[in-house]
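Undergrad: fold the following and give me the result.
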Amino acid sequence: MSSVEAARKANLIGAAAAYLLNHGGRHHASAHWCFVPGRIEVLGKHTDYAGGRSLICAAERGFCAVGVEREDAVLRMCDVARHDTADFPLHADLVPNRLDGAHLELFGQLAHRSQLLGTRQLGNQVAPTEWLAETAEHLGAAATSAFGAGFGGSVWALIHANQADSFLADWHVRYAQAYPHEAKRATFFATRPGPAAIA
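TA: Modelled structure (predicted):
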């Protein structure tokens, strides 16, 4: 890393630590920091996820993160540049072990918050994926969110099996009306959830 970028990162980390301490952090707690560099995928984009090989290199642009202890069961994330915060309560009920009844409602709330924060905090959504997730909720999806490579990708929606066909048709028609150019290259399909990656 160049000396100019190293100095810039040090300033960002210092500003982040000060911001956290002024927004609920323990003033006598130790701060832990890290820098996560961006990466340039020269060859083999995403093949490493499937056990393949990639030729990558680190970039000077990336994420600076600072963590300090709190005295409550809340994870608070602060964006120093935007002066924005998002709170996440930490308790066992946030990990549903099945998707039915109240667990399904909670799962929908968590998916909605994930989608919202991806748009607000990461800024990695495009208008069509935002629209698809929002419209899926209006059409009755129990949960929905964008996923994929960012700045594009896909959107999933969780629907009861007996409503899947009508939901999918309506979702597709509305998307074609809202985004006729993008809809020509889009694929809509229904599938059942697979088994958990970790049981």
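
Undergrad: okay, CA-based contacts and neighbour counts for the rest of this
TA: Fine.

Undergrad: where does this structure dip in pLDDT?
TA: Along the chain, the model assigns pLDDT under 70 to residues 23-29, 45-46, 48-49, 92-102, 149-152, 196-199.

Undergrad: can you give me the strands for it?
TA: Ranges of strands in the chain, per DSSP state E, are 31-43, 55-68, 74-79, 84-89, 143-147, 154-158.

Undergrad: for the third one, C-alpha coordinates in CSV please.
TA: Spelled out, it's strand 74-79. C-alpha atoms of strand 74-79 as CSV (Å, rounded to 0.1, in the frame of the first residue of the first chain):
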residue,chain,number,x,y,z
VAL,A,74,-26.9,-4.3,20.5
LEU,A,75,-24.7,-4.3,17.5
ARG,A,76,-24.5,-0.8,16.2
MET,A,77,-23.0,-0.1,12.7
CYS,A,78,-22.0,3.4,11.9
ASP,A,79,-21.1,4.9,8.6
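
Undergrad: sorry, back to before: Pro193: which of the strands of the chain is closest?
TA: Closest approach to Pro193 among these is made by strand 154-158 (9.2 Å; Cα to Cα).

Undergrad: what packs against the closest one?
TA: helix 127-138, strand 143-147 (3 or more Cα pairs under 8 Å, 6 or more residues apart in numbering; DSSP states H and E).

Undergrad: show me the contact partners of the last one.
TA: The contact list for strand 143-147, computed with Cα atoms under 8 Å, 6 or more residues apart in numbering, reads 107-109, 111-112, 114-115, 125, 129-130, 133, 136-137, 153-159.

Undergrad: what is the distance between that strand and the centre of its chain?
TA: 9 Å (Cα atoms, centre = their mean, to the nearest Å).

Undergrad: note down every partner strand of it and its orientation.
TA: Paired neighbours of strand 143-147 in the sheet (DSSP bridges): strand 154-158 (antiparallel).

Undergrad: hey, C-alpha coordinates of the partner strand in CSV?
TA: Coordinates of each C-alpha in strand 154-158 appear next as CSV, following Å, rounded to 0.1, in the frame of the first residue of the first chain:
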residue,chain,number,x,y,z
SER,A,154,-31.0,-11.6,-8.9
VAL,A,155,-34.0,-11.3,-6.5
TRP,A,156,-35.7,-14.2,-4.6
ALA,A,157,-39.1,-14.2,-3.1
LEU,A,158,-40.5,-16.8,-0.6
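
Undergrad: grab the nearest non-local neighbour of the spatially most central residue of the chain.
TA: Centroid-nearest residue in the chain: Gly118, 4.4 Å away (criterion: Cα atoms, centre = their mean). Nearest non-adjacent residue to Gly118, counting by Cα to Cα, 6 or more residues apart in numbering: Asn124, 6.3 Å away.
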